[in-house]
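Chemist: Sharing a sequence plus its predicted fold:
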Amino acid sequence: MTRWKSAAVATLASTITLWPADSLPAGSTRPGPMSRAEAFARAEALTALGRKMFFDPSLSASGKQACSSCHDPNHAFGPASAAPVEMGGPSLDQPGQRAVPSLRYLQAAPAFTEHFYDSEDEGDESVDNGPTGGLTWDGRADHGRDQARIPLLSPFEMGNKDEGAVVAALRNAPYADAFKAAFGADVFEHPSEAFDAAVEALGTFEQSSADFYPYSSRYDAFLAGKATLSAQELHGRALFEDENKGNCASCHLSEPANDGEPPQFTDFGLIAIAVPRNPAIPANADPNYFDLGLCGPLRIDFKGRAEYCGLFKTPTLRNVALRKSFFHNGYFHTLREAVAFYASRDSDPGRWYPKNADGTVNKFDDLPKAYRGNLNTDPPFNGKRPGDRPALTDAEIDDIVAFLGTLTDADQAGQ
């Protein structure tokens, strides 16, 4: 067992410490916490069960959409298509509102917090890095099991009308006996508990190392001294990390952590960068509709918190070269465009944003003026004005893109 798989199973085992409520014989008393061996065995059993569920389209209202339909294992558990949003619902005719993110490399994401103090930030734990952590584009789910609830019940994803509908499908699934073996013979008689069990299994599968965080890219091999990077890739890495050039590593951490964990290529923070509005998203046909990330509309607990409007999670860049659409709204369709946007958002806004009727540039067209004080202005934005020299030349953008290509996992090579 590799170090990373061992750590993964240990993590899973540490989160599964109690016996399932319905697995005890009648009249018996609940035993204490599981032994380490029992917890490991249970983690492996739930991983196997969650895998079956992940690929099962019968768990959707349409009977045609599995988790894997949008999170394709052949595309690093992200979408295979270039569409900005996917279609879902009982008849597969309901458009989503955001681009589908990859499920790879989410295992290290901390629970969401409004105030994150990084102990690795040059030893200064007094620096408040702001909203950090959670899963999904707005960080509203803290754990895999919480995230799994969302697509199962979303009207524009798997479209089940309620938890009971999911449980009914599970009762008829070919792995129903395995589900009962894991959670109790009468688990299906308690729909709420059965649904909780289902999302626990899915969340456990999504923590499995071989599938979701193999750390098998050429860059990982390079860090381990087992591979080399080309001159262009090395230059791209230097530009990626240079605070006066790309400054990408300020959010997409590229060095191993202090404990030796491979870099995640995200700091799990939430940030506002004002990606152009995407007219290809049906919800955007309403000029009064704005997806503001952390302050709504999909996340509701920070509704009205103006200082959080426009903030979205910083995704990992691992396997980013496989994506066919970028950012929360899928506006860009090439990695080069995404990098170039960072380099010239403020120095050449006319390249990215549409024009008003009078010919002026409608800069930041998907972020209302009231929230533009939330915009990130660190390098490479860095106070640039229209006409200023961009932070990166075309050749330098190419070099960063070449470096990002080294972050593709070995099992995804050639996809």
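Modeler: Yep, that arrived. Numbers count the residues shown, from 1 in each chain.

Chemist: drop to CA atoms for contacts and neighbour counts, all remaining ones
Modeler: Fine.

Chemist: Quick one: distance of the longest helix along the chain to the chain centre.
Modeler: Longest helix of the chain, by residue count under DSSP state H: helix 36-54. Distance, stretch centre to chain centre, for helix 36-54: 22 Å (Cα atoms, centre = their mean, to the nearest Å).

Chemist: Over to stretch 284-299?
Modeler: The answer for stretch 284-299 is 19 Å, by Cα atoms, centre = their mean.

Chemist: Any buried residues in that stretch, and which?
Modeler: Going by neighbour count (16 or more other Cα atoms under 10 Å), the buried part of stretch 284-299 is 284, 290-296, 298-299.

Chemist: Going by distance to Gly383, which of these wins?
Modeler: Comparing these against Gly383 with Cα to Cα places Leu292 closest, at 23.1 Å.

Chemist: how far away is the nearest residue to the closest one once chain neighbours are set aside from Ser81?
Modeler: Distances taken as Cα to Cα, 6 or more residues apart in numbering put Gly310 closest to Leu292, at 4.4 Å, once the chain neighbours are dropped. Distance, Gly310 to Ser81, using Cα to Cα, to the nearest Å: 25 Å.

Chemist: One more: Ala173?
Modeler: Distance from Ala173 to Ser81, by Cα to Cα: 28 Å.

Chemist: swap in Asn258?
Modeler: 37 Å.

Chemist: OK, contacts around Val54?
Modeler: Not Val; residue 54 is Phe. Neighbouring residues of Phe54 by Cα atoms under 8 Å, 6 or more residues apart in numbering: 66-68, 202.

Chemist: Which of those residues has the largest number of neighbours?
Modeler: Counting neighbours by other Cα atoms under 10 Å, the top entry in the contacts of Phe54 is Leu202, with 26 neighbours.

Chemist: ok, now which ones touch Phe302?
Modeler: When contacts are counted by Cα under 8 Å, 6+ apart, Phe302 touches 294-296, 308.

Chemist: secondary structure element for it?
Modeler: Using DSSP states H and E, Phe302 falls within no helix or strand.

Chemist: pLDDT below threshold where in the stretch 1-150 of the chain?
Modeler: For the stretch 1-150 of the chain, the stretches flagged by pLDDT under 70 are 1-32, 119-125.

Chemist: could you pull out the strands for the stretch 51-200 of the chain?
Modeler: 87-88, 94-95 (DSSP state E, counting those that start in this stretch).

Chemist: Just put the ones you listed in JSON lines and tack on distance to Asn129.
Modeler: JSON lines is the format used below for the strands of the stretch 51-200 of the chain (distance: least, Cα to Cα, whole Å):
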{"stretch": "strand 87-88", "distance to Asn129": "35"}
{"stretch": "strand 94-95", "distance to Asn129": "34"}
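
Chemist: do you know which of those lies nearest Gln107?
Modeler: Proximity to Gln107 (Cα to Cα) singles out strand 87-88 among the strands of the stretch 51-200 of the chain, at 26.2 Å.

Chemist: List the residues that contact the residue nearest to Asp128 when sequence neighbours are not counted.
Modeler: Nearest residue to Asp128, sequence neighbours excluded (Cα to Cα, 6+ apart): Tyr117, at 5.2 Å. Contacts for Tyr117 (Cα under 8 Å, 6+ apart) come out as 125-129.

Chemist: quick one: Tyr117 and Pro279, what's the gap?
Modeler: Distance from Tyr117 to Pro279, by Cα to Cα: 37 Å.

Chemist: Next: Asp398.
Modeler: To Pro279, Asp398 is 28 Å away according to Cα to Cα.

Chemist: swap in Tyr289?
Modeler: Remark: distance between Tyr289 and Pro279 (Cα to Cα) = 12 Å.

Chemist: Glu44 now?
Modeler: 44 Å.

Chemist: Repeat that for Pro73.
Modeler: 28 Å.

Chemist: Look at those two and report which has more neighbours.
Modeler: Using other Cα under 10 Å as the criterion, Pro73 and Pro279 rank with Pro73 on top: 19 against 13.

Chemist: before we move on, the earlier item: how about the buried residues of stretch 284-299 in a markdown table, adding secondary structure and distance to Met87?
Modeler: Formatted as a markdown table, the buried residues of stretch 284-299 follow (DSSP: H, G, I helix; E, B strand; the rest coil; distance: Cα to Cα, whole Å):
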| residue | secondary structure | distance to Met87 |
| --- | --- | --- |
| Asn284 | helix | 15 |
| Phe290 | coil | 20 |
| Asp291 | coil | 18 |
| Leu292 | coil | 21 |
| Gly293 | strand | 20 |
| Leu294 | coil | 23 |
| Cys295 | coil | 24 |
| Gly296 | coil | 21 |
| Leu298 | coil | 17 |
| Arg299 | coil | 20 |
